[in-house]
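**Q** below is the sequence, then the predicted model.
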Amino acid sequence: MIPGPIGMISAGVSAAAYAKAGDRKNAIIMAAGIAAAAVGAGSATIAFRAAKIANTAKVAEGAYGLGKAGKITSSIAGKMYVGRGATKVQQGGRTFLQSADGLRRYGEPIAKGNGRAVANFLRKTPDTTWSHYNRKIASGRVSNGHLTIGGLF
């Protein structure tokens, strides 16, 4: 089975083909595959991808790319990244989720000048502040991961 939207489409085409051929048993199995791709396996794929993004952001240094993901995956990864007890904070006209220890921040996707949307995964050392964090990336005191957003999932 192929998880996600492609799996749903594939299962739907197969279900229709089996039904047209009169193979009711396999048509029902493929119809169930649509639901499995949409609910179970699709959700597991999103959760796995989100965990991979969050774990990479926790250890990467400097300014780095985290690849491309959908808005929902980004949001889940951001919540995993900052962890329980996160609070909303404002900086530079933008809202971030900040970890309970104050060392990690997740910024929801925002549009960039190139037409793409990007989410930020920020991390700082305990001995520095969040002010002017862009200048501190070069010094190694702040890391900034960029996740390009493409689609909903």
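**A** Received the coordinates, thanks.
**Q** please report how far Ile110 lies from Ile149.
**A** Using CB to CB, to the nearest Å, Ile110 is found at 9 Å from Ile149. Every C-beta, even on glycine, is put in place using the N, C-alpha and C of the backbone.
**Q** mind checking which helix or strand Ala100 is in?
**A** Here Ala100 is covered by no helix or strand, with elements defined by DSSP states H and E.
**Q** sticking with the nearest residue to it once chain neighbours are set aside, tell me its helix or strand.
**A** What sits nearest to Ala100 in space, not counting adjacent residues and going by CB to CB, 6 or more residues apart in numbering, is Gly85, at 3.4 Å. Element membership for Gly85 (DSSP H and E) is empty, with no helix or strand holding it.
**Q** Gly85 contacts Gln98, correct?
**A** No. The pair formed by Gly85 and Gln98 falls short of the contact definition of CB atoms under 8 Å, at 9.7 Å.
**Q** between those two, which has more neighbouring residues?
**A** The residue with more neighbours, out of Gly85 and Gln98, is Gln98; 20 against 9, by other CB atoms under 10 Å.
**Q** which phi and psi does that one have?
**A** phi -120, psi 140 (degrees, to the nearest 10).
**Q** ok, it to Pro109 distance?
**A** Relative to Pro109, Gln98 is positioned 17 Å away (criterion: CB to CB).
**Q** please apply the same query to Arg24.
**A** Between Arg24 and Pro109 the computed distance is 45 Å (CB to CB).
**Q** cool, and Gly92?
**A** 16 Å.
**Q** of those two, who's got more company?
**A** Higher neighbour count among Gly92 and Pro109: Pro109, with 19 against 11, using other CB under 10 Å.
**Q** what strand or helix carries that one?
**A** Secondary-structure assignment from DSSP H and E places Pro109 in strand 104-111.
**Q** quick one: strands adjacent to that strand?
**A** Strand 104-111 has its sheet partners listed here by DSSP bridges as strand 94-98 (antiparallel), strand 117-124 (antiparallel).
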